[in-house]
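Visitor: have a look at this prediction, sequence included:
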Amino acid sequence: MILSDKDIKKAIESGRISIKPAADLKTQLGSCSIDLRLGSAFRVFEHSKYSHIDPAKKDYSNEITREIFVKNDDTFIMQPGDFVLAMTLESVKIADDLMGRLEGRSSLGRLGIVVHSTASIFDPGWDGNCVLELGNLGRMAVELTPGMRICAMTFEELSSKAEVPYTKKKVAKYKFQKSPVESRIYEE
């Protein structure tokens, strides 16, 4: 069952969902989702320096990417065909009997901006900032501003609490992340 706006508010009040800094419910709460805002950290690929990506090479993706920070009141320009990792301004913590699902905003999708390639599900027990897999599928550059509403998260109730929530998994590669962490597929 997907939580409605009323149930999202109850879950926030009871602590089943924690969003920090606190969301402005007047502008960020939808009928069945809550908008999250774009943070100021981006991980960009150094595609002009490397010919390919070897996912099996230990920590290779850290070598082929670099993190940049956009200063207050500045913007990040997504060129056509660009792919970058970004993060939400908000940190989200989800109870062990809920899951989150991240979706793009239609208004940005109509400009060619997608917010996730594959990582739309946030497991029960998730705790951290959400990393976005931003892509510009359009033919024109798009200006993104930290603090803008970039995506929406819905919440679904599980039939019971997860036996092993995400933060308690020994192999959880991205728990408690605070920045756009590069791929850790090499840990598999």
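Guide: Received it, and whenever you're ready, just let me know what you need.

Visitor: report the longest helix in the chain, please.
Guide: If you go by DSSP state H, the chain has its longest helix at helix 5-14.

Visitor: buried ones in that one, by neighbour count?
Guide: Neighbour counts over helix 5-14 (16 or more other CB atoms under 10 Å) mark D7, I8, A11, I12 as buried. C-beta: built from backbone N, CA, C; applies to glycine.

Visitor: what's near enough to touch the nearest residue to G15 once chain neighbours are set aside?
Guide: Once flanking residues are discounted, G15 sits nearest to A95: 7.8 Å by CB to CB, 6 or more residues apart in numbering. Residues near A95 by CB atoms under 8 Å, 6 or more residues apart in numbering: A11, G15, R16, I17, P124, G125.

Visitor: 7 Å instead?
Guide: A95 makes contact with R16, I17, P124, according to CB atoms under 7 Å, 6 or more residues apart in numbering.

Visitor: tell me the one of these nearest A23?
Guide: Proximity of these to A23 (CB to CB) peaks at I17, which lies at 9.7 Å.

Visitor: just give the nearest non-adjacent residue to that closest one, would you?
Guide: In space, and not counting its chain neighbours, I17 is closest to A11: 4.3 Å by CB to CB, 6+ apart.

Visitor: circling back: which helices and strands sit right next to the longest helix of the chain?
Guide: strand 17-20 (3 or more CB pairs under 7 Å, 6 or more residues apart in numbering; DSSP states H and E).

Visitor: adjacent strands (with direction) for the strand it packs on?
Guide: Applying DSSP bridges, strand 17-20 is found paired with strand 83-94 (antiparallel).

Visitor: picking that back up, report pLDDT for the residue nearest to G15.
Guide: pLDDT, A95: 96.

Visitor: phi, psi of the residue of the chain positioned farthest from its centre?
Guide: Distance from the centre of the chain peaks at S51, with 27.3 Å (CA atoms, centre = their mean). Main-chain dihedrals, S51, degrees, to the nearest 10: phi -80, psi -20.

Visitor: the chain should start at 515 in everything you say after this.
Guide: OK, 515 is where the count begins now, so the last one is S565.

Visitor: what about the residue nearest to I531, distance to K585?
Guide: Computed as CB to CB, to the nearest Å, the A525 to K585 distance reads 34 Å.
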